[in-house]
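A.B. asks: the following comprises the amino acid sequence and a computationally predicted model.
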Amino acid sequence: MKSTRADEGEVLDGAADPKAVEAIGRALTAHYSSLIMAPLPDKFVELLAQLERDQASRVQEKPDALS
């Protein structure tokens with residue numbers, strides 16, 4: 001098995017159609033933009049709130065910890 005991913009990438013770079021590359025770029029940009037705009041799952045929001053509470057309680061216990 002002589003071909004590797006690097007070898008395939010080198011071949012594709014030289015043979016890629018610029019219009020196809022542009023279309024893929026637009027599609028990826030649209031996909032990533034939709035991911036960024038998607039709401040966070042409730043469990044993740046709960047975990048972030050818990051982390052903030054834990055950090056606040058640690059700061060109250062040791063007020064000089066931020067110095």
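C.D. replies: Right, received. Where do you want to start? These figures come from a predicted structure and were not determined experimentally. Numbers count the residues shown, from 1 in each chain.

A.B. asks: would you mind measuring from residue 39 to residue 45?
C.D. replies: According to Cβ to Cβ, to the nearest Å, residue 39 stands 9 Å off from residue 45. For the C-beta atoms, the positions are set from N, CA and C on the backbone; glycine is no exception.

A.B. asks: more neighbours, these two?
C.D. replies: residue 45 (11 against 7; other Cβ atoms under 10 Å).

A.B. asks: does the more buried one belong to a helix or a strand, and which?
C.D. replies: Assessed by DSSP states H and E, residue 45 sits inside helix 42-61.

A.B. asks: any idea of the mean pLDDT for that helix?
C.D. replies: Averaged across helix 42-61, the pLDDT comes to 93.

A.B. asks: how far does it sit from its chain's centre?
C.D. replies: Averaging C-alpha positions (Cα atoms, centre = their mean, to the nearest Å) puts helix 42-61 22 Å from its chain's average.

A.B. asks: in it, which residues are buried?
C.D. replies: By neighbour count on 16 or more other Cβ atoms under 10 Å, the buried set for helix 42-61 is empty.

A.B. asks: CA atoms of it as CSV?
C.D. replies: Coordinates of the C-alpha atoms in helix 42-61 are reproduced here as CSV (Å, rounded to 0.1, in the frame of the first residue of the first chain):
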residue,chain,number,x,y,z
ASP,A,42,-29.2,22.5,28.3
LYS,A,43,-26.7,20.2,30.0
PHE,A,44,-23.8,22.3,28.8
VAL,A,45,-25.4,25.5,30.1
GLU,A,46,-26.0,23.7,33.5
LEU,A,47,-22.4,22.6,33.7
LEU,A,48,-21.2,26.2,32.9
ALA,A,49,-23.4,27.6,35.6
GLN,A,50,-22.1,25.0,38.1
LEU,A,51,-18.5,25.9,37.2
GLU,A,52,-19.2,29.6,37.7
ARG,A,53,-20.8,28.9,41.1
ASP,A,54,-17.9,26.7,42.2
GLN,A,55,-15.4,29.4,41.1
ALA,A,56,-17.4,32.1,43.0
SER,A,57,-17.5,30.1,46.2
ARG,A,58,-13.7,29.5,45.9
VAL,A,59,-13.1,33.2,45.6
GLN,A,60,-15.3,33.9,48.6
GLU,A,61,-13.3,31.3,50.6
